[in-house]
Structures are given as C-alpha cells and as structure tokens.
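Novice: Here you go, sequence then predicted model.
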Amino acid sequence: MHISGATAVYGIVGDPVAHSLSPSMQNAAFEAVGLDCVYVPFLLTRGAADVAAVAVRRMGLCGLNVTVPHKVDIIPFLDSLDPSAQRVGAVNTVVKEEGKLRGYNTDAPGFARSLDSFGVDVKCKEVLVLGAGGAARAVVSSLLELGARVVVLNRDVARAQRLARDVAAEMDCGIACGTISDSCLEEHMPGCALLVNTTSVGMYPNCQESPCPPRFFHRDLTVCDIVYNPIDTLLLSEARKCGARVITGDEMLVQQGALAFELWMGITAPVEIMRSKVREELGRGAQ
C-alpha cells in the first residue's frame, strides 16, 4: 500500500479498538478496487466523541466508523441523522456530505443483509433476541422492518423493556420482553423461527459458555450469533448438532462494513474480498 499526501484517510474510533477487524477488512476493499485510501484505528476514550467529529471536520478525515463507547455520544456533534440511525438511536458510520456530517447505522441493514445472504425469511415469524444492549437495538430494529414478531430476553428485564419502549416508539410496533431463563426459553423456543444472540456470552476467551441450553433447539430453527471470535461459538456448534441452521457472526460484521464502504465511496463493495479477509484474520487468531 502506497500512502501519500493525497491518500484519503478513513478510520474507526472506539475504546477498545486495537482488536477491530475493520482496518484489515476495509483496507483490503480499498486495494481491491484501486482506491487511494487508507483506514486506521483511533483509540478514543469515553467522553471524547466530540473529538471524532472535529477530526472529520478539521483534520481532513473523509469518514469514520464508530464503535463503543461512542455510538450514542457522537450524535449531538453531527449535523443530521439518517432514518436508520434515528430508529436505532445509535451511529456507527459518519459520512461527510458537502461539508456536513451525517450519521448512519449500518448494523441494522447489515444484519438484514446477513439474513438475506443465508436465505432466511422472518416475515410474520417469531424471533427471539437474547440481550438488550446496543447491538440488540440494531438487530431488533432490523427484524421489525422485516416484519418479524420479536421477543427480547435479557438478564435485566428492565433493560429489555427500555429497549422495547424506545424502538417500538420509533417503529410503532409491539415487542414482548422477558428474562433469559429456562421458563422463558421453554415458553418461546418451540415456536421460534430464529434465535439471535447479541450478548457477549461465548466470546473469546470464554468459549465454553453458551446463552441457550441445547435442549431448546429444534430442526425448524435458525440460530444466529453476532459473536465472531470464535466463528464457531458453542451456541452455534450445539445448534448445528441438533439439526438447526446457523449463521456465523462474521457475516454481520462483513455486511455492515460493506454498507459503510458503499456510503463513503458510492460504489458496490467487494463483499467476497472483505469476507475472505475477515476469515483470514480470524484464522490467525485475531481477538
């Protein structure tokens, strides 16, 4: 990669950020289509989201991805929000448009693309979402747009209820809530078409943990885990053994990254190259 004074700079801000696979993925995409661009990670501590906006405005950065803990905090420092970010209440991509900063959320449509890439249709079907954090908000928003009937389970049911209230208010849809417990899983899993884990349970180094016991799996179920390290989490491994269909977490990572690329560049992203690069990095033991 040749970098000069004319090279366009993009990046990701977060804390932590050293573990991110986005730099490898986006730089592979830039190289594949012959763009004079570079994508770098920027460690930015909590409470400094304004610095990211200033960097794009005054330091010549061309665009940013935003990860924890800044996805909500950066919103007041932007000029406008795309409806996707408005619905989710979080921004993960900043685009400079005629000198103005517009916030997008590619997590939600990226999740929808990941379902589509596996041929999963959730319209009018019950979907169980485990977790109620920022990732869950994007997933739930996406599922509601696709016409699913959503149930959110979280250890702290009050947090699940807040998510349901916030997202339902934006989309005028009802969302059922409960705790992640055997009784709730027993109630909802038999009629569930898709189970989505948005928690960090099963992520490296705690690879022997799973948010759902395998006795609840069935052959008509698809299980999606947004954890991508390891790719084959215990949740997915046990679901596969029970005959369920599985969607690995790296697919959402790739699809949301491809959407960010397309927002910045205005051209179709080289998705296969981005996917291959992510798999290559994970195969090297990226954490």
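Specialist: Received the coordinates, thanks.
Novice: C-alpha from now on. contacts and neighbour counts both.
Specialist: Noted.
Novice: Which residue would you name as the spatial centre of this protein?
Specialist: Asp107 (4.0 Å; Cα atoms, centre = their mean).
Novice: Residues in contact with stretch 23-41: which ones?
Specialist: 1, 3, 6-13, 17-18, 20, 254, 257, 261, 269-270, 273-275, 277-278, 281 (Cα atoms under 8 Å, 6 or more residues apart in numbering).
Novice: meant to ask about stretch 60-80
Specialist: Residues from elsewhere that reach stretch 60-80 (Cα under 8 Å, 6+ apart): 8-16, 45-47, 49-50, 52-53, 55-56, 81, 89-96, 100-103, 260, 264.
Novice: In helices, which of those residues appear?
Specialist: Ala49, Asp50, Ala52, Ala53, Ala55, Val56, Ala260, Trp264 (DSSP state H).
Novice: Now the third one: closest residue in space that isn't a chain neighbour?
Specialist: This points to Ala52. Closest residue in space to Ala52, ignoring its immediate chain neighbours: Val13 at 7.2 Å, by Cα to Cα, 6 or more residues apart in numbering.
Novice: my read: the one you found touches Leu44, true?
Specialist: Yes: Val13 is within contact range of Leu44, at 5.9 Å (criterion: Cα atoms under 8 Å).
Novice: so what's Ile245 up against?
Specialist: Actually, residue 245 is Arg rather than Ile. Arg219, Asp220, Leu221, Thr222, Val223, Ala239.
Novice: rerun that using 7 Å as the cut-off
Specialist: Each residue near Arg245 by Cα atoms under 7 Å, 6 or more residues apart in numbering is listed here: Leu221, Thr222, Val223.
Novice: was I right about the first one contacting Ala244?
Specialist: Yes: taking contact to mean Cα atoms under 7 Å, the distance of 5.2 Å between Leu221 and Ala244 places them in contact.
Novice: Those two: which has the busier surroundings?
Specialist: More crowded of Leu221 and Ala244, by other Cα atoms under 10 Å: Leu221, with 22 against 19.
Novice: Distance-wise, check the more buried one relative to Val51.
Specialist: 44 Å (Cα to Cα, to the nearest Å).
Novice: what pLDDT does Gly285 get?
Specialist: On the pLDDT scale, Gly285 is placed at 59.
Novice: I should have written Lys125 there, sorry.
Specialist: 97.
Novice: That one: how many residues sit nearby?
Specialist: Neighbour tally, Lys125, other Cα under 10 Å: 17.
Novice: what sits against it?
Specialist: Per Cα under 7 Å, 6+ apart, neighbours of Lys125: Ala148, Arg149, Ala193.
Novice: any idea how far the first one lies from Ser142?
Specialist: Going back to what we said before, that points to Ala148. Applying Cα to Cα to Ala148 and Ser142 gives a distance of 9 Å.
Novice: try the last one
Specialist: When distances are taken as Cα to Cα, Ala193 and Ser142 turn out to be 16 Å apart.
Novice: what does Leu253 give?
Specialist: Distance of Leu253 to Ser142, computed by Cα to Cα: 15 Å.
Novice: And the pLDDT for Ser84?
Specialist: Reported pLDDT for Ser84: 89.
Novice: likewise the one 10 residues further on?
Specialist: At Val94, the pLDDT value in this model is 98.
Novice: Give me the neighbour count for it.
Specialist: 29.
Novice: Please name the bridge partners of it.
Specialist: On the basis of DSSP bridges, Val94 is bridged to Leu64, Gly103.
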